[in-house]
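>>> everything below, folded, please.
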Amino acid sequence: MNNEKNAPPEKDPRLWAIAERRTGFKREFVTYVVINAFLWILWLLTGAAKYKTGIPWPVWPTLGWGIAIVIRYFEAYRFPKENAVEKEYDKLKRNQ
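Sure, this is the predicted structure:
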């Protein structure tokens, strides 16, 4: 997702893209927490008492979506695409 073209003229396009990615992550994380809380409450209200053995069904969407959230976190905060591109460019420049 390259949003550098959407940056206001007075803003740094690279920083704007990073800020958009981070705010998108925060929005997705809040959605994840709210929806998963709803799923767990739904499970508790409808069948937790009958469900004595095994793994509760809300575990699966929580884990699956959680993996995606962790990936998005690393994309937004730890390994931004710009850094990877810059490192690869520097590597190619040195090997030339």
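>>> what about the protein, any weak spots by pLDDT?
Within the chain, the stretches with pLDDT under 70 are 1-5, 7, 80-86.
>>> which stretches of it form strands?
Secondary structure of the chain (DSSP state E): no strands present.
>>> from the centroid of it, which residue is nearest?
To find the centre residue of the chain, average its C-alpha atoms and take the closest one (C-alpha atoms, centre = their mean): that gives Arg72, at 2.6 Å.
>>> so what's that one closest to, chain neighbours aside?
Phe25 (5.1 Å; C-beta to C-beta, 6 or more residues apart in numbering). In short, each C-beta sits where N, CA and C put it, glycine included.
>>> report the contact partners of the one you found.
Phe25 makes contact with 72-73, 75-77 under the criterion C-beta atoms under 8 Å, 6 or more residues apart in numbering.
>>> most surrounded residue in these?
Taking other C-beta atoms under 10 Å to define a neighbour, the member of the contacts of Phe25 with the most is Ala76, carrying 20 neighbours.
>>> now that one: closest residue in space that isn't a chain neighbour?
Leaving aside its chain neighbours, Ala76 sits nearest to Phe25 (4.1 Å; criterion: C-beta to C-beta, 6+ apart).
>>> kindly report the same for Gly24.
Nearest-residue entry for Gly24: Ala76, 7.3 Å, with adjacent residues in sequence omitted and distances by C-beta to C-beta, 6+ apart.
>>> now the one you found: how far from Glu88?
Noted for Ala76: a distance of 20 Å to Glu88, by C-beta to C-beta, to the nearest Å.
>>> roughly how far does the residue nearest to Ala76 sit from Arg94?
To Arg94, Phe25 is 32 Å away according to C-beta to C-beta.
>>> what number of residues lie near Ile18?
The number of residues packed near Ile18 is 19, by other C-beta under 10 Å.
>>> same question for the one 3 residues further on.
One way to gauge burial is a neighbour count; for Arg21, by other C-beta under 10 Å, it gives 17.
>>> surely it and Phe74 touch.
No: proximity of Arg21 to Phe74 does not meet the contact threshold set by C-beta atoms under 8 Å, at 11.2 Å.
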